[in-house]
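In: model the following, please.
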Amino acid sequence: MDSSFGGSTIVSSATNLSDTSLRTTVGNAISSGRLPKDPNGVYFVLSSSNINETSGFCTRYCGFHTHATLSGSDIKYSFVGNVDRCPNGCESQTTGPNSAATGQGGIDGMANVMSHELEEAISDPDLNAWFDSSGQENGDKCNFNFGATSNCAAGSLCSAAGIAAKARFNQTFGSRDYLLQQNWRNSGGGACAQHL
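Out: Below is the predicted model of the structure:
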């Protein structure tokens, strides 16, 4: 399934998010017209490293997806916090392939969590579709399983900091390298894979 970017908006706040305020943030972006209403879309709320999601970011999860009725439609949305807030639990490497400086892996780590949550939002949009007998969704079954990786080196698409740190990557999109976890595929007896 292909995904495309539908727009963005910025909400400036120094206040931590609760599950309720997260839902309100998404609802306000739609009802105000800052983002289009799309029941087939997935809305991502991305936070800076000084913002916490109080239901368990960094202690129970690195991100999550859910749904709610907003503006009269079943809207799917996800929270992904800046993983620099909890590098030992949510960051796969402290310097990612796109980091501007050594020790700044937050945005690269967030790309990994976004990939995980998007796959799950597609296969289990209303939290009642695809999960295994232990309750794991497809992204959960391969969490932090990256498969074959390469190290950033001279001539790669990685940033200078990524090259200096020999950051790992396994996917290239446009002019950027990323380290993204594999996701579960049911075919062939089931396995974690980068591609079907």
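In: who does the residue lying closest to F169 once chain neighbours are set aside bridge with?
Out: Of all residues not flanking F169 in the chain, D177 sits nearest, at 3.8 Å (CB to CB, 6 or more residues apart in numbering). Yep, even glycine has a C-beta here, placed from its N, CA and C like the rest. Taking DSSP bridges, one obtains T172 as the residues bridged to D177.
In: now for the helix-or-strand element of the chain with minimal mean pLDDT, which elements pack on it?
Out: When the helices and strands of the chain are scored by mean pLDDT, DSSP states H and E, helix 87-90 comes last with a mean of 90. Helix 87-90 sits against helix 106-123, with contacts defined as 3 or more CB pairs under 8 Å, 6 or more residues apart in numbering; DSSP states H and E.
In: following the strand or helix carrying A29, which helix or strand comes up?
Out: Per DSSP states H and E, A29 falls inside helix 19-31. Past helix 19-31, further along toward the C-terminus, the next helix or strand under DSSP H and E is strand 42-46.
In: give me the contact list for the very next helix or strand once past that following strand.
Out: Going down the chain from strand 42-46, the next helix or strand is strand 63-70, by DSSP H and E. With contacts defined as CB atoms under 8 Å, 6 or more residues apart in numbering, strand 63-70 is touched by 23, 26-27, 30-31, 37, 42, 57, 74-81, 113-114, 116-117, 120-121, 125-127.
In: do you know how far the residue nearest in space to the middle of the chain is from D132?
Out: Closest to where the C-alpha atoms of the chain average out (CA atoms, centre = their mean) is M114, at 1.3 Å. Note on M114: its distance to D132, by CB to CB, to the nearest Å, is 22 Å.
In: cool, and N143?
Out: Using CB to CB, N143 is found at 13 Å from D132.
In: more neighbours, these two?
Out: Shown here are N143 and D132; by other CB atoms under 10 Å, N143 has more neighbours (16 against 12).
In: my read: that one touches E117, true?
Out: No: using CB atoms under 8 Å, N143 is not in contact with E117, being 11.2 Å away.
In: the residue nearest to the centre of the chain reaches F44, doesn't it?
Out: Yes: assessed by CB under 8 Å, M114 is found in contact with F44 at 6.3 Å.
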